[in-house]
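J.: Build me a structure from this.
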Amino acid sequence: MAQIFISHAHKDKKLVDALADLLRLTLEIKANDIFCTSLEGMGVPSGENFISFIKEKIQDPKIVIIILSSNYYESHFCLCELGASWALSHKKLVLTIPPLAKNDLGGVLSGVQVDKIDDLDGFIDEIKEALGIKDFKTPVWNSKKDQFLKKLPSILKSLPQPERVSLEKYEKLQGENKEYKLTYKKQESEIEELKNQIKKLKKCKNAEDVKKVEKEHLPAWDNFKEICGRARESLDKLPRAVGYFIAEKYLSDGKVKLNGFNDPDLLNESVDAEKSGFLESDEGWFWLIEKDRKVKNVISVIDELADFISENDGTDFAEIFYEENDYECSLGNKQFWKKFLLPKNYFLRS
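T.: Down below sits the predicted model:
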């Protein structure tokens, strides 16, 4: 039965191999007195069930040496060995491997003696006591230990390290994953929409029917109607004369000369709007004051519509709009204002 059970991560094999040699040579014990899964002659014999053999070997060693490294914490099997040694109340020694340190320990390792891999004198004293070794050759230990410590930096440098993701990168990946899911869902919806459009197109009897289906399934039309609806709703909250001058801001330079003979109603309402702080005038010329919050809101929506029209210039939307209305989609066209933006009974220059 092995007297020493070395619990370690397979990735730390090179380090464990050097440590096992140091113990075997200085303690003058046989290879089979040490159980270490990754080392030839000290691990699981060929043909044996791996898990069953380890369960047997961890039952009653005199001491369990835990090579605690970053790789150890990443190994589920190592953590099972650690739990088993705790449950069986074995004497445990812990050797920490950089970058881990004593303050990284906790849980079942609370109260356990901890030594660093480069500070082994206390560690070997505990092993001597556990194995009952009386005749210990200190000069041999010092010599072999020095040789081990000399090789240690290069061994540690050669050990593979677990790949860990920083919290910042994890959160970034989580965000990207969420974005990909939303994009996938959107694309699925678009595919379904296209399938429905194809079904309707197959039922079309003439070019006019095809145009109706294209318009119905053109996302730009929905955006256009939504923006125009918001603009009309905002304009409806203002006096009619103010809506007239907002339209003039886009149809001309915004200044209009009014007289009571040609535009009596418009002139009267414009005078009232001036008194309310919406307009200014000089010698019969009236223009809009853009400081009012309601006016700013309307202009903001109409500017949004202007951007939409510019972005969709030359697209299917622009082509279908022209075919339906016989004029370009433009804020510089009074027919456009009359049909899509100004509420009924609003003033509009002839």
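J.: where do the strands sit along the stretch 151-300 of the chain?
T.: Counting by DSSP state E, counting those that start in this stretch, the stretch 151-300 of the chain forms strands over residues 256-257, 279-282, 285-288, given from the N-terminal end onward.
J.: Mean neighbour count, those strands: which tops it?
T.: Across the strands of the stretch 151-300 of the chain, the average number of neighbours (mean count of other Cβ atoms under 10 Å) peaks for strand 285-288, which reaches a mean of 18. (Glycine included, C-beta is placed from N, CA and C.)
J.: Tell me which residues are up against that one.
T.: With contact meaning Cβ atoms under 8 Å, 6 or more residues apart in numbering, strand 285-288 is reached by 242, 245-246, 248-249, 254-258, 270, 274, 278-281, 295.
J.: related to what we said a few turns ago, nearest to Ile227, out of the strands of the stretch 151-300 of the chain?
T.: Taking Cβ to Cβ as the measure, those were each checked against Ile227, and strand 285-288 came out nearest at 20.6 Å.
J.: Put the alpha carbons of that closest one into CSV.
T.: What follows is the C-alpha trace of strand 285-288 in CSV, where atoms were taken according to Å, rounded to 0.1, in the frame of the first residue of the first chain:
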residue,chain,number,x,y,z
TRP,A,285,-43.8,90.0,-43.6
PHE,A,286,-44.2,87.1,-41.2
TRP,A,287,-41.8,84.3,-40.2
LEU,A,288,-41.6,81.5,-37.6
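J.: Tell me how far that strand lies from the chain's centre.
T.: For strand 285-288, the distance from its own C-alpha centre to the chain's C-alpha centre is 52 Å (Cα atoms, centre = their mean, to the nearest Å).
J.: Sheet-wise, list the partners of that strand with their directions.
T.: Strand 285-288 has these partner strands in its sheet, going by DSSP bridges: strand 256-257 (antiparallel), strand 279-282 (antiparallel).
J.: buried set for stretch 271-279?
T.: Ala273, Phe278, Leu279 (16 or more other Cβ atoms under 10 Å).
J.: If you could redo that for stretch 294-301, that was the one I meant.
T.: Neighbour counts over stretch 294-301 (16+ other Cβ under 10 Å) mark Val295, Asn297, Val298, Ile299, Val301 as buried.
J.: Please produce a markdown table containing the residues you listed, extended by distance to Val94 and pLDDT.
T.: Converted to a markdown table, those look like this (distance: Cβ to Cβ, whole Å; pLDDT from 0 to 100):
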| residue | distance to Val94 | pLDDT |
| --- | --- | --- |
| Val295 | 75 | 91 |
| Asn297 | 69 | 91 |
| Val298 | 73 | 91 |
| Ile299 | 72 | 93 |
| Val301 | 69 | 93 |
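J.: Return the subset of those residues lying in helices.
T.: Of the positions in those, Val295, Asn297, Val298, Ile299, Val301 sit in helices, assigned by DSSP state H.
J.: okay, now Gln187: neighbour count?
T.: Gln187 has 10 neighbours, counted by other Cβ atoms under 10 Å.
J.: Show me which of the ones in helices among the buried residues of stretch 294-301 is closest to Lys14.
T.: Distances from those to Lys14 were compared by Cβ to Cβ; the smallest belongs to Val301, at 69.8 Å.
J.: roughly how far apart are that closest one and Ser252?
T.: Computed as Cβ to Cβ, to the nearest Å, the Val301 to Ser252 distance reads 20 Å.
J.: Over to Ala306?
T.: 15 Å.
J.: got it, and Ala2?
T.: Ala2 is 98 Å from Ser252, where distance means Cβ to Cβ.
J.: more neighbours, those two?
T.: Neighbours per residue, other Cβ under 10 Å: of Ala2 and Ser252, the larger number sits with Ala2, 19 against 11.
J.: Stretch 233-247: end-to-end distance?
T.: Stretch 233-247 stretches 15 Å from its first residue to its last (Cα to Cα, to the nearest Å).
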